[in-house]
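Engineer: Have a look; sequence and predicted model below, questions after that.
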Amino acid sequence: MAALVVPGLAHAEVDNPLPPPVVKDLERAAPKIQGGIDWFYFELLPAIKKEPMDVAMELDSAKPARPLPDAAELRAELHEAVLRLSFAELHSSTQWASELLAALPPGGADEASPASAPSISPTLPRSLCSPVLLAKAHFGMREYSRAAHVLQGGPAQSQDLHSAPWPVFFRSYALYLAGEKRREEDAAEVSDPAEASRIHNTELKTLEEDLSALYRQQKLDGLSLYVYGIVLKGLELKEDARRVLLESVHAFPCNWSAWLDIISISADLHDVNGRCEDVRLPPHWMSLFFEAALQLELQRNDSAKELYVALRASFPESAYIASQIATCFYNLRNFDASQLAFEELRRRDPYRLSSLDTYSNILFVKDSRCHVNFLTSSLRKQNSGAAWCCCLQSFCCCRNLKSPQRHPSDGRTPNITL
């Protein structure tokens, strides 16, 4: 039985039933195979332990449930979505869409140039530019109440400010975040966790009244519908929240935060049962990302992996997709494949912190002390907070050390010689 040595990872050897000549041919051809070295690491290598017929069947099954648009169309849509999300100060969704945009294959002549880049200005009337831009500036400084106050407007501007899409979005979202900020500050002053959990966002009821009136008049766009959805979610009106959030992604599918809230609500309601048909999804390629994430949330890891492998054909450089595939392998207890996937991901994106808790768990399960030591040292240099503490804890378990406690005066983790 031959051992398959992965190029670039001399320590990674996986026993497999293939004849030695076949293994050598695969290693030699790996960098040239269509799909590149990632295909070799993430698809062929984890499957190589199986019989050859099983390998072929698994790779052939990685086909998208519905065809995605071509790269030029995806690039144009994501470019416009990134600008819109960035203007709306939705940082998490902006980062997610930007990473997808960067993960597309090179577009050559199809690449959008600054001169042809889409603009949000047509949706913002000239008379509202000054108050909206001022509110956005306050919003960026986390002065949320001040931002909302700017958009209250005087008698002359009241009608436009209370009906135009951007003023409605910024005013309602600023009030929501102002309430969340006060809730967190009040909860921090309470020592009893049970009492702290009973502190709520005091702006929710007022926001629900204002937004519901605009909703009945059909004056909410995709972003304002998203705010209305999270307000309803905060009020524990989860059925209504999911319905409104679905309307939001129908109007603006590239807002990933809205999709994540739908997944969270569906998991809480326990009524999806792993079938995405139970939820009326928009006929848009973002629905595939939703279906894959929902399958992973419901621990249907094989189905999730197939969807992500299919999506990677359109987004070959996506760190998010690679991370999700590695998580699928982890949930399937294929720790060797998951470790290789995470290591390749860290090689490509060494400062990415997402999913490092899963990677550190793999190293702990495999008792890979050298890898934990190296990872912990790297994170210590990055000063990466929660991820650093998680990996340090795994390191201490491997070393049979007592897990360090935070410094009582400033919350810092004590310095430990590794």
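Structural biologist: Received it, and whenever you're ready, just let me know what you need.

Engineer: from here on, contacts and neighbour counts on C-alpha atoms
Structural biologist: Will do.

Engineer: For D160, which non-adjacent residue is closest in space?
Structural biologist: When the adjacent residues along the chain are set aside, D160 lies closest to L128, with 7.8 Å between them (C-alpha to C-alpha, 6 or more residues apart in numbering).

Engineer: Quick check, that neighbour in contact with P165.
Structural biologist: No: using C-alpha atoms under 8 Å, L128 is not in contact with P165, being 10.7 Å away.

Engineer: Could you check the pLDDT of the residue nearest to D160?
Structural biologist: On pLDDT, L128 comes in at 85.

Engineer: Give me the neighbour count for it.
Structural biologist: When neighbours are defined as other C-alpha atoms under 10 Å, L128 has 16 of them.

Engineer: go on, A164?
Structural biologist: 17.

Engineer: just checking, the residue nearest to D160 is part of a helix?
Structural biologist: Yes: counting by DSSP: H, G, I helix; E, B strand; the rest coil, L128 falls inside a helix.

Engineer: measure it to A164 for me?
Structural biologist: L128 sits 9 Å away from A164, going by C-alpha to C-alpha, to the nearest Å.

Engineer: same deal with L260?
Structural biologist: Relative to A164, and taking C-alpha to C-alpha, L260 is found at 26 Å.

Engineer: element containing S354, please.
Structural biologist: In the assignment (DSSP states H and E), S354 maps to no helix and no strand.

Engineer: Please identify the helix or strand for S323.
Structural biologist: Here S323 is assigned to helix 319-331, by DSSP H and E.

Engineer: I'd like to know which elements that helix is packed against.
Structural biologist: helix 91-103, helix 301-312, helix 335-348, helix 356-365 (3 or more C-alpha pairs under 8 Å, 6 or more residues apart in numbering; DSSP states H and E).

Engineer: what does the helix or strand containing L177 rub up against?
Structural biologist: Using DSSP H and E, L177 sits in helix 165-188. Applying C-alpha atoms under 8 Å, 6 or more residues apart in numbering, the contact partners of helix 165-188 are 88, 123-124, 132, 135-136, 139, 143-145, 147-149, 151-152, 161-162, 196-197, 199-204, 207, 219-221, 223-224, 227, 231.

Engineer: Show me just the buried residues among the residues you listed.
Structural biologist: The neighbour count (16 or more other C-alpha atoms under 10 Å) marks 88, 132, 135-136, 139, 143-145, 147-148, 151-152, 161-162, 196, 200-201, 203-204, 207, 219-221, 223-224, 227, 231 as buried among the contacts of helix 165-188.

Engineer: so of the residues you listed, which ones are in helices?
Structural biologist: Residues of the buried ones among the contacts of helix 165-188 located in helices (DSSP state H): 132, 135-136, 139, 144-145, 147-148, 161, 196, 204, 207, 223-224, 227, 231.

Engineer: Of those residues, which pair is most distant in space?
Structural biologist: Between any two of those, the greatest separation by C-alpha to C-alpha is 35.6 Å, found for L161 and A196.

Engineer: helices and strands of this structure: which one bottoms out on pLDDT?
Structural biologist: helix 52-60 (a mean of 36; mean pLDDT, DSSP states H and E).

Engineer: re the thing from before, and the angle from the helix holding S323 to helix 335-348?
Structural biologist: 160 degrees (axes from the mean of the first three to the mean of the last three C-alpha atoms, to 10 degrees).

Engineer: Not counting helix 319-331 itself, show me its contacts.
Structural biologist: With C-alpha under 8 Å, 6+ apart, helix 319-331 has contacts from 42, 99, 103, 296, 299, 301-302, 304-305, 308-309, 311-312, 335, 337-339, 341-342, 345, 349, 355, 358, 362.

Engineer: For R352, give me its contacts.
Structural biologist: R346.

Engineer: Doesn't it belong to a helix?
Structural biologist: No: the assignment for R352 by three-state DSSP gives coil, which leaves it out of any helix.

Engineer: and it, what are its phi and psi?
Structural biologist: phi -80, psi 130 (degrees, to the nearest 10).

Engineer: Could you report the neighbour count for W256?
Structural biologist: 21.

Engineer: How much space separates K136 from P167?
Structural biologist: For K136, the distance to P167 - C-alpha to C-alpha - is 10 Å.

Engineer: any idea how far the residue nearest to H138 when sequence neighbours are not counted is from A174?
Structural biologist: Sequence neighbours aside, A147 is the residue nearest to H138 in space, at 5.2 Å (criterion: C-alpha to C-alpha, 6+ apart). A147 sits 6 Å away from A174, going by C-alpha to C-alpha.

Engineer: Where does pLDDT dip in this protein?
Structural biologist: 1-66, 108-123, 154-159, 271-279, 383-418 (pLDDT under 70).
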